[in-house]
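# Sequence and predicted structure, then a few things I'm wondering about:
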Amino acid sequence: MTKLIKGTTRRGALKTLAGAAAGTAALPLWARYAQAQSSEPIKIGFQQHSTGIGAAYGRWYGRTTEAAVKVINDGGGINGRMIEVIAEDDGTDPKRGAEVVEKFANQHNCDVAFGTLFSHVVIGSSPRAGELKLPYFVVSEGHHVASGMLNRYTLQPGITDVKSQVQAMAPYVSENLGKKVTMIFPDFAFGHDHRDFFSAAIEAQGGEVLEKIAIPPTETSFTKYFPRIPRDTEVLYHVMVGPAVLTFVKELGEFFGPSSPAIFGFIDSLEAVDIASPGLEFLEGTYFWEGNPRYAQADQTEYDKAFRAAVGVDDNGASISDPTDVSTYAHMFGCWETLHVIKHGLEHSGYQGPGDRAKLIEAVEALTDFPEGHAHPQGAKIFNGKTHQVFGHQYISRVENGKLVRVHTTSIEDTLYPDEVDYTTQPL
Amino acid sequence: MTASSRVIVLHLGLLALLFGLQFILPAYHHGNLARIMVLASYAVGYNILFGYTGLLSLGHALFFAAGMYGMGLTIQHMGFTPAPALIVGIVAGAFVAGALALLALRTVGVSFMIVTLMFAQAGYLTVLYFGEYTRGDEGFVIQQAQRVLWGVDLSNATNRYFAAWGLFSVSFGLSLWLVRSSFGRTLIAIRENEERVRMLGYDTYKHKLTAMIISGTISAAAGAFYGLLFGYAGASFASVQYSIFPLLWVLLGGAGTVLGPFVGTLFMFYLIDLSSGITSAYLLIAGLALVLLTLFAPQGLIGEIRRRFWKNLP
């Protein structure tokens, strides 16, 4: 599917074209050539989870991408060039993901590829992006970029990674909720990341993890695991994902009744799910990490307001046109912010065409600070050019009257950790 | 030209064509064909068991993954170079296929399908369970520096194409030779009427066991090459989807034909690729095409050619 998203009317575009043609005719030959080169649209290959397990995320990543591209194009594009988004469905599958990256590079001749969320698709696609020397901007929150597993052509400048998110939760949890934690997590890589990163972080705060309960990924009923939760647990930390999460919460409520420990979870469990859904009443009073607060807060910034309006999200984090269509608000800002970083990088590298891809990588690596603003509505960020990973504020919210109310904002410093790789030493 | 030499010329012609295409294809299709040849090798392996022996397995992802992880884990954790790692992958596949055959061949028909499916699912969960080593569902990257085979960088497009062509040539050639040998003919006889073959004095169990090991080994070789050539090993390749794919490819191309697996894989790949360029509901188009093919060419594309024009095509 090819979409050309422009903010101009057809008549306006024709006028501009006529003007440009007249102007170009007056230029010397070499300049006409350069002009012809640079008026081509910037092609951004959007690797979208339209089908498969990531489809809910893909739908909202698509809407956010369209909104961001419209804003950028309305503002004059990138160096005067419009953005053309070429969306391809990767089926949330690493094999198809790699094929789609090849398609972007070799068939559509895209300038960059962008937008992948699920870690296995990123990890499966990234080697091909590196081999094809196609800048690959992921919006995944996986630790795979900063861990050094990938390559110089893969960057994550628009969303923080799971290691920094989890690590930043530990101070708040230990100071406000309790020091004795029991963790319940799915028994695959995503859950193992939480287990490992959070255990280390809470111990550094003087806390301890009493029990680590891994739930097999095919499990549909959870009651039998709950007796393993030690009696002296002060905080229950959960990161269940997938369709069984509603059952998980319901059974947890039935198990504890009114006397439960403090409960802390990651909103990943309930992205695109209405907190006020029947069966989720037990979540009242519990805490969640949020990448970006789903509900418009009392002190909402003008940037968040503008971002919501552009994407079409109401104050409850659902679609304006359909209040039952809840967004993936904690993640999708990453697409918006990544596209603005791409714009910034392309402009600062003097990018002309695919021959300048290496210059683009170097230009993005040279970026350090992203101040909060219309380009970065989630908050200010620090980019690490060596690890290709961005770091930013994290939010902790509490469920109050069926809505998530922000109770804490971490500092960026809380999310930092020592570099694990220096991609700039790899050849371009 | 005798019928037999016409068959040889046709099949060698395909290999020669694939070899030659390397020099003229545009980059995108060049990359696709390399991928298709590796996947077609997987389908060739599947076809030996399903198309020629008549055993419908729903667990071949187990063999594909055994090859992929046998290769990938030894590179990742034991520092193997690609050549011994490939051998480990292939041997792992042969071993797993042999072990599963000993159990699954006690059953027939639907039970065989269920037993193979069950073991493949157990294999998939094993990959997730040992996430510390396999990185579970996320999988892991096999770095460019780890993919240099005898000084040849397999991440390079030309080298990858030749490696894929080499794998496909060997598995395709082996398949052609096998089905024309007396062993292969016995397999076909087992497919058609196992009781009668047994009555004639053949040890059908031993034949089926051997067929399953050969089939699993070729599938594992495809898995090992896939991981090495494209730099990634992940649990999705062990999922049930990857047991269904070779069945689909073989059915589309023509079960029990040597050319069928390649044609089916090629057809399916481009069906998805082209239809996804037209609509986001591309799976609907793919599904419709499959239904139409099943209605009008139930023996698959090559099977239909054999039925209409070329009766003795193997």
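Looks like it came in fine.

# In chain B, which residue is most central in space?
Residue closest to the average C-alpha location in chain B (C-alpha atoms, centre = their mean): B:Tyr42, at 1.1 Å.

# My guess is B:Asn312 contacts B:Thr2. True?
No. Counting by C-beta atoms under 8 Å, B:Asn312 sits too far from B:Thr2 to count as a contact (10.6 Å). The way it works is simple: take the backbone N, C-alpha and C, and place the C-beta from them, glycine included.

# Apart from its neighbours in sequence, what residue is nearest the residue nearest to the centre of chain B?
B:Ala222 (3.8 Å; C-beta to C-beta, 6 or more residues apart in numbering or on different chains).

# Please name the residues that touch that neighbour.
Contact analysis of B:Ala222 by C-beta atoms under 8 Å, 6 or more residues apart in numbering or on different chains lists B:Val38, B:Leu39, B:Ser41, B:Tyr42, B:Gly45, B:Phe64, B:Gly67, B:Leu167, B:Ser171.

# Wait, a strand at it?
No. B:Ala222 is assigned helix when assessed by DSSP: H, G, I helix; E, B strand; the rest coil, not a strand.

# Would you pull up the residue in the stretch 251-400 of chain A closest to chain B?
When scored by C-beta to the nearest C-beta, the stretch 251-400 of chain A has A:Pro354 as its residue closest to chain B, at 12.2 Å.

# Contacts only, for that residue.
A:Pro354 sits next to A:Asn109, A:Asp111 when contact means C-beta under 8 Å, 6+ apart.

# Equivalent analysis for A:Phe307, please.
When contacts are counted by C-beta under 8 Å, 6+ apart, A:Phe307 is found next to A:Phe333, A:Trp336, A:His374, A:Pro377.

# Scan these and report the most crowded one.
Within those, most neighbours by other C-beta atoms under 10 Å in any protein chain shown means A:Trp336, with 26 neighbours.

# Neighbours of the closest residue to chain B within the stretch 301-428 of chain A, how many?
Across the stretch 301-428 of chain A, no residue is closer to chain B than A:Gln426, which sits at 9.6 Å (C-beta to the nearest C-beta). Residues lying near A:Gln426 (other C-beta under 10 Å) number 14.

# is it true that B:Ala66 touches B:Gly89?
Yes. With contact defined as C-beta under 8 Å, B:Ala66 counts as touching B:Gly89 (7.3 Å).

# got a markdown table for the contacts of B:Ala222, with distance to A:Pro171, pLDDT and secondary structure too?
Formatted as a markdown table, those follow (distance: C-beta to C-beta, whole Å; pLDDT from 0 to 100; DSSP: H, G, I helix; E, B strand; the rest coil):
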| residue | distance to A:Pro171 | pLDDT | secondary structure |
| --- | --- | --- | --- |
| B:Val38 | 49 | 98 | helix |
| B:Leu39 | 49 | 98 | helix |
| B:Ser41 | 53 | 98 | helix |
| B:Tyr42 | 50 | 98 | helix |
| B:Gly45 | 54 | 97 | helix |
| B:Phe64 | 45 | 98 | helix |
| B:Gly67 | 46 | 98 | helix |
| B:Leu167 | 53 | 97 | helix |
| B:Ser171 | 57 | 97 | helix |
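
# between the residues you listed, which is nearest B:Ile213?
Nearest to B:Ile213, judged by C-beta to C-beta, of these is B:Gly45 at 10.6 Å.

# close to chain A, is stretch B:106-118?
No. Stretch B:106-118 lies apart from chain A when judged by C-beta under 8 Å from any C-beta of the partner chain; the minimum separation is 12.8 Å.

# Show me what that stretch is in contact with.
Looking at what lies outside stretch B:106-118 - C-beta under 8 Å, 6+ apart - the contacts are B:55-60, B:62, B:100, B:103-105, B:240, B:243.

# ok, the residue of the stretch 151-300 of chain B found nearest chain A - how many residues close by?
The nearest approach of the stretch 151-300 of chain B to chain A comes at B:Gly231, 3.3 Å away (C-beta to the nearest C-beta). Around B:Gly231 there are 27 other residues, counting by other C-beta under 10 Å.

# Contact partners for it?
For B:Gly231, the contact set (C-beta under 8 Å, 6+ apart) comprises A:Pro127, A:Arg128, A:Glu131, B:Val141, B:Ile142, B:Gln143, B:Gln144, B:Arg147, B:Ser155.

# can you give me the helices in chain A?
Counting by DSSP state H, chain A has helices at residues A:10-25, A:29-38, A:55-74, A:94-102, A:119-132, A:162-172, A:189-204, A:245-256, A:302-311, A:329-348, A:357-365.

# wait, which of these is closest to B:Leu301?
Between B:Leu301 and these, the tightest spacing by C-beta to C-beta is seen for helix A:94-102, at 22.2 Å.

# Please verify my assumption that the residue of the stretch 301-428 of chain A closest to chain B contacts A:Asn151.
Yes. Using C-beta under 8 Å, A:Gln426 is in contact with A:Asn151, at 6.5 Å.

# ok, which residues in the stretch 201-314 of chain B are in contact with chain A?
Counting by C-beta under 8 Å from any C-beta, the positions of the stretch 201-314 of chain B adjacent to chain A are B:230-232, B:234-237, B:273, B:276-277, B:279-280, B:282-283.

# just to revisit the earlier point, quick one: which two of the contacts of A:Phe307 are the most distant?
Top of the distance list for the contacts of A:Phe307 (C-beta to C-beta): A:Phe333 and A:His374, 11.9 Å.
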